[in-house]
Each structure stands twice: as C-alpha cells, then as structure tokens.
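[1] Next come a sequence and a model predicted from it.
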Amino acid sequence: MHVNRFDTAAAEWDQKQRRVDLAAAIAAGIAALPLHQEMEALEYGCGTGLVGLALAPRLGSLIAADSSPGMLATLSDKIAAQGITNVRPLLLDLHSKDCPQQFDLIFSAMTLHHIDEVELILGKIVEGLKPGGILALADLDSEDGSFHRDNPTGVMHHGFDRAQLTAALRRLGLKSITVDTVHTIMKTDGQGEKQPYPVFLLTAVKDRT
Ligand SMILES: C[S@@+](CC[C@H](N)C(=O)[O-])C[C@H]1O[C@@H](n2cnc3c(N)ncnc32)[C@H](O)[C@@H]1O
C-alpha cells in the first residue's frame, strides 16, 4: 500500500499547537453558519478530525473523508475513545471517485493546496451539494512557498488568490460567496523571522434551482 506524508504524520498530528489553534479558528468560523441538527455534512480532507469533531455536535451526521488511511485510523481511534456516534470516517479521493451522496454542508480545511486538479475537485464538491447546500473552504492565501519550506512533498499550490477562487466557484454556479480572514498562522521563514500566513474562510451557497 502507498504510504503518504499524512499517513506518517497522523499519530502525532494533533501534538502541534499551531494546527490545533488553526482548526479551532476554522471550526468557529464554520460554526457561525446556519448549522442545524438535521444537517448531513461531508468534510473533505478531514485529517484527524480537528475541525470536524468540533462541529459534529451541531450536525445530524458527518462523513469525515480523507485519502490517507493513517489519518482516518487516528480519527477512528478518537471517535471510539470519545463515544461519538454521528461521524463516519471514509477513505475518499475525489480525483478518482464522486461524492457518495448529496450533502447540506461540505467543508474542507487546509486541504485544497494539496489537490492537484482544483477545478475538477471543486466541481465534484459542488455536485455533492444539495440545492441550497452550503460550502465552506479554508486555506492559505497566496504565499511565496515558504509555508511548506520544510516539507514541500504533496504541496500543489502556494495558497490561493481569493478573487480567482471566488470566480471559479461562481463559474460552478455557487452564489452568496463571502471570503474572510479566519486566522493568521505565525511561522518562522527561511531567514529565521516570524512571518504571518493568513488563512481565509470562503463560504458559498448552491442555488436551489
Ligand atoms: C493539512 S491536512 C489538514 C487536515 C485537517 N483538515 C485539519 O485541518 O487538521 C490536509 C489533509 O488533506 C488530505 N488530502 C490530501 N490530498 C487529498 C485528496 N486528494 N483527497 C482527500 N484528502 C486529501 C490529507 O491526507 C490530509 O489529511
């Protein structure tokens, strides 16, 4: 079986406070959306569930999808340890498969920059939304490549331009698109200086027609 960088990192993923703080900020941003207990939700690129498990109590059900078996194994351990009943881990890569059903909410955090064919995957995500469904995407703003300086494997994009991402989602038929800074990661750059890396949260709605 192919083992990727996320399989290797999974067991210790939650030990970096920077990741925990970022996930908490993203979850708080998504929690401000009109969530409800009947919602069927999908998280794409769930990792160990730092974002999804924080939101699960506000949702009916959550399919937590990722292409890394290692990440999903760590998530499964957390689900079992915490007695969570409404979150189901799913091995999924939308490059080769479609969403398993349509959802009221799809969210994704810090995953898009690892995706090769972003427009293809965004198209599949939009197809996976019910009419009136909500999309929430969090990722890095365009950066100079220094964010992943220590571990560039599997990094397909150095963040995203907000206007270009918004335009791509408009082309896919999404409406009511908003983009806000949800968190700023402070990380040491190549010169040993702390550099700010803003993270945006984009939200959008699929037309009911
Ligand atoms: C930077 S981690 C973010 C994890 C989690 N969302 C968080 O905020 O803690 C990116 C995640 O995307 C997953 N990923 C990368 N490429 C993917 C793909 N093509 N399909 C599904 N998941 C993918 C990785 O396995 C990893 O768990």
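    Right, received. Where do you want to start? Residues are numbered from 1 along each chain as shown.
[2] contacting residues around the closest residue to Thr209 other than its chain neighbours?
    In space, and not counting its chain neighbours, Thr209 is closest to Pro131: 7.1 Å by CB to CB, 6 or more residues apart in numbering. The way it works is simple: take the backbone N, C-alpha and C, and place the C-beta from them, glycine included. Pro131 sits next to Lys206, Asp207, Arg208, Thr209 when contact means CB atoms under 8 Å, 6 or more residues apart in numbering.
[3] Can you tell me the SS state at Pro131?
    When classified by DSSP: H, G, I helix; E, B strand; the rest coil, Pro131 comes out as strand.
[4] and what of Gly29?
    Relying on three-state DSSP, one would call Gly29 helix.
[5] burial count for it?
    Gly29: 22 surrounding residues under other CB atoms under 10 Å.
[6] ok now do it, which residues does it touch?
    Ala136, Ala138, Asp180, Val182, Leu201.
[7] The protein against the ligand: which residues are in contact?
    Within the chain, the positions adjacent to the ligand are 6, 19, 23, 45-47, 50-51, 66-68, 71, 93, 95, 109-111, 114-115 by CB under 6 Å from any ligand atom.
[8] just the buried members of those residues?
    If you count burial by 16 or more other CB atoms under 10 Å, the buried members of the residues of the chain next to the ligand come out as 6, 19, 23, 45-47, 50-51, 66-68, 71, 109-111, 114-115.
[9] Which ones among the residues you listed map onto helices?
    Phe6, Arg19, Ala23, Met71 (DSSP state H).
[10] Quickly list what the nearest residue to Ser176 once chain neighbours are set aside is bridged to.
    Leaving out its chain neighbours, the residue that sits closest to Ser176 by CB to CB, 6+ apart is Val205, at 4.5 Å. For Val205, the beta-bridge partners under DSSP bridges are Ile134, Lys175.
[11] Tell me the pLDDT of Val205.
    At Val205, the pLDDT value in this model is 98.
[12] returning to that earlier point: in ChimeraX, select just the buried ones from the contacts of Pro131.
    Selection of the buried residues among these in ChimeraX, burial being defined by 16+ other CB under 10 Å:
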select :206
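[13] Check the contacts of Pro131 against the ligand and report the nearest one.
    Lowest distance from the ligand to those (CB to the nearest ligand atom) belongs to Lys206, with 20.5 Å.
[14] can you give me the strands in the protein?
    Residue ranges of the strands in the chain, as given by DSSP state E, are 40-44, 61-66, 87-91, 103-109, 129-140, 174-188, 194-206.
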